[in-house]
Every structure is written in C-alpha cells, then in structure tokens.
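Peer 1: Sequence and predicted structure are below.
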Amino acid sequence: MKPKNLFPTIFPLLNLCIFLILSSPLPRKSQGVVDPYFLVCSAEPDNCGDGQPIKYPFHIRSKQNRSCGYPGFELSCNNNGQPTINIQSNDYIIHNIFYETEILRVSNSDFWNSTTGCIPLTQSISLPSARFELAPFQTHVNLLYGCNTSTLESTLRFSAYPDCDHGENKNRSVLVLAENDQKLRNVSEACTTRVVVPVEPYEREKRDGIERALRNGFWVKWKASTCSICQESGGWCGFNYTDRHFKCFCPDRPYAWNCISANRHLTQQSVDWQGNDEPYEMGVSLPAISSDRLGEPNDHDNIHHFFFTLSYLQVNTLSFRSHHQHATRFGATHMIER
C-alpha cells in the first residue's frame, strides 16, 4: 500500500507553529530601565560657581556622587565659588582644569587670599606621588620666615619681603631664594622657618614678581585610571568602592574598561536601547520541501528535521527571554551608593 501523504494534512499546523514562535513577543529592554550609575554620572557636570565643569576623576563633596569620581580627587567649594582640593592639610584653589591633558593649575589658598602685601606663612608641599606630579617647566623657591636681616652680612644679596606674622617689626622679614641658591646655608641661620613651594618661572628682577608667582600657583599632572577608552565606547567613568576598582558605567551595567562586550555585541543590533516598540527580527533557516515531491518517503525525514528546527528555535527563544528578564530585574533593583 502506498504511504498516505501526511504533509497536506499537517501543513496548516506547521504554518501555525512558525507563526506562534516567530510572532511571540521577545523581550525588549524595558523602557526607563537603565543602570542607575550611568544615569547619575552622565548628568550635566556640576560646578562650584565659576563655570568650570567638574567631572571624572574629580567630584564635589555633597554635590556629586563619589562613584562618578576617583579616590583622592574629592573637591570642595570655597566661599568665592571656586573648587578647592586638600593636599597635606592645605587647601589649594583650582584655577584651570584641562581634562584632555590631565593637567590643572592650583595655588595655595594662603597666597591667593593674601591682600596685605606680605607673604603669609604656609607649609611646604610634597605632592602625593600616587595622585600628582609636578608638570614640566616648574621651579621651586625657598621662603625663609622670621629672618633677622640686621644680622646678615651686607654683602649678601637677597630679596626681603614683609613678614605677615611680625607686623611692623622691620627686622623680621621673609627672604626668597632660588631652589639651589648658594647663599641658602648662611641665610637660613638668621631665620626661624623654611618653606619650599613650587612656582612657575617668574621675573626675579621685579619686586612683585614672587608675589604674583605665588598667587598664580603652579601646574600639576594628575594620575588616575584613564577614561578615554570608556568615553569612546559611550560610557561614563567612575569607581566602585566595594571592589575598589575603576568602572565604566554603561546603559545596561558597569564594565571593567568600556561598554563593548561579546554579549552586548551580539544583541545590540536587535535591541533598541531607547525602548521603542520595534519588534525583534529573527532569521530562520528551514528545510526546503519541493511541491513536486510531496508524498515521497523522504518527506518524512524532512518533516522530522523541520520539527527539530522548530524545537531548537523555541528552546533558545525561551532561554533568551529568561536571561533578559533576569538582567532586567537585576538592573531595576541595583542600588546607588552615595
């Protein structure tokens, strides 16, 4: 007996299976479900009032989330609306920030705020090597406080300035000597305190040259994990204080260095991260069954292969849906550390 042709009978059923599987709603990125750190750190950079945008590696205490910055780069705002950074218990005013070259200009607040025409007493600065280094073409000067100039030899040439801490006592002055001045040993014996500070090169011949140099400050280069790789991938740089590592905050979750991973590369072509209602598109390769061969014995093998393909597609569809729902739940419950 000739085998009964089963294909015309089940052909509508096959069409129905294809339709149900391919038209079943695959998960889309839930609207509004974006990594909270990405949202916080991608906000418009804040400032202290002088218009300088403060962003990674810096963050303003009590105004910006510390996870959007890097340890050791916390800033404050002074009463004049300027950002300041504390280095060795001294506040330094930040006048310029150049994010591209990772350089900033700072000045000691003691010098910047002095308007009395004298040189105020301060402390020597030793930049923490893990965070900063002095930029090229800077120099150092010795500030010698409480100097009794009457005891110094008249043949010694030096620049003397009023000492803010000794008022009208003209015998007490601040002497300024270059970093490697040969007179330093002899002059130091007539003074009480020595402070070494970095400055830009200045005109030593001018009386107010050192005063301007101290007010203008000096240039330093900061050291923090580079941000360019993360930025180029569309992320925002920050730091995870739990595992103490740099993080690249991306729309879906934080990554180690950038927003490109094998998983996101496979799905980003079909997932609309803006959350619109465009459906997923999926291509399926099905076994071909020629119409002029219907009812032939080999068709049973083709049909078996066809059902196997549908089963595989259905299992992987459910697996993808389950994985996405899990990721969405994780993103929704992810808490921000302030």
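Peer 2: Thanks, I have the structure now.
Peer 1: give the contact list for residue 246.
Peer 2: 70, 225, 237, 238, 239, 240, 256, 257 (CB atoms under 8 Å, 6 or more residues apart in numbering). For glycine as for every other residue, the C-beta is placed from the backbone atoms N, C-alpha and C.
Peer 1: From what I see, the second one and residue 70 are in contact.
Peer 2: Yes. Assessed by CB atoms under 8 Å, residue 225 is found in contact with residue 70 at 6.8 Å.
Peer 1: thinking again about what came up before, show the buried residues in the contacts of residue 246.
Peer 2: 70, 225, 237, 238, 239 (16 or more other CB atoms under 10 Å).
Peer 1: In which helix or strand does the last one reside?
Peer 2: The one in question is residue 239. Using DSSP states H and E, the secondary-structure element containing residue 239 is strand 236-240.
Peer 1: tell me the mean pLDDT over that strand?
Peer 2: Average pLDDT, strand 236-240: 96.
Peer 1: Throw the contacts of residue 246 into a markdown table and include distance to residue 129, thanks.
Peer 2: Listed next are these as a markdown table, based on distance: CB to CB, whole Å:
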| residue | distance to residue 129 |
| --- | --- |
| 70 | 16 |
| 225 | 16 |
| 237 | 22 |
| 238 | 23 |
| 239 | 19 |
| 240 | 24 |
| 256 | 25 |
| 257 | 24 |
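Peer 1: out of those residues, who's nearest residue 96?
Peer 2: Relative to residue 96, the closest of those is residue 70; by CB to CB it sits at 19.0 Å.
Peer 1: tally of neighbours for residue 150?
Peer 2: Other residues near residue 150 come to 10 when the count uses other CB atoms under 10 Å.
Peer 1: hang on, the earlier thing: which one of the contacts of residue 246 is nearest to residue 123?
Peer 2: Sorting the contacts of residue 246 by distance to residue 123 puts residue 70 at the head of the list, at 25.0 Å, by CB to CB.
Peer 1: So that closest one lies in a helix, does it not?
Peer 2: No. Under DSSP: H, G, I helix; E, B strand; the rest coil, residue 70 sits outside any helix and is assigned coil.
Peer 1: residue ranges with poor pLDDT in the stretch 151-300 of the chain?
Peer 2: Under the criterion pLDDT under 70, the flagged ranges of the stretch 151-300 of the chain are 154-157, 166-171, 205, 207, 261-300.
Peer 1: can you pull out the strands in it?
Peer 2: Secondary structure of the stretch 151-300 of the chain by DSSP state E, counting those that start in this stretch: the strands cover 159-162, 172-178, 193-199, 218-222, 236-240, 245-249, 254-255.
Peer 1: Tell me which of these lies nearest to residue 41.
Peer 2: Each of those was checked against residue 41 via CB to CB, and the shortest separation belongs to strand 236-240, namely 4.0 Å.
Peer 1: okay, the angle between the closest one and strand 245-249?
Peer 2: Regarding strand 236-240 and strand 245-249, their directions subtend 140 degrees when assessed with axes from the mean of the first three to the mean of the last three CA atoms, to 10 degrees.
Peer 1: Note down every partner strand of strand 236-240 and its orientation.
Peer 2: Sheet partners assigned to strand 236-240 using DSSP bridges are listed as strand 245-249 (antiparallel).
Peer 1: Show me which of the buried ones among the contacts of residue 246 is closest to residue 159.
Peer 2: Taking CB to CB as the measure, residue 159 lies nearest residue 70 of those, at 40.0 Å.
Peer 1: returning to what we had before: any common contacting residues for residue 225 and residue 70?
Peer 2: Taking CB under 8 Å, 6+ apart as the contact criterion, the residues that touch both residue 225 and residue 70 are 57, 237, 246.
Peer 1: So residue 183 sits against residue 177, correct?
Peer 2: Yes. Here residue 183 lies in contact with residue 177, judged by CB under 8 Å, at a distance of 6.4 Å.
Peer 1: State the phi and psi torsions of residue 146.
Peer 2: For residue 146, the backbone dihedrals (degrees, to the nearest 10) come out as phi 60, psi 40.
Peer 1: Could I get the phi/psi values of the residue nearest to it when sequence neighbours are not counted?
Peer 2: Leaving aside its chain neighbours, residue 146 sits nearest to residue 192 (3.4 Å; criterion: CB to CB, 6 or more residues apart in numbering). Geometry field for residue 192 lists phi and psi as phi -100, psi -30, criterion degrees, to the nearest 10.
Peer 1: What distance do you get for residue 192 to residue 221?
Peer 2: As judged by CB to CB, to the nearest Å, residue 192 and residue 221 stand 34 Å apart.
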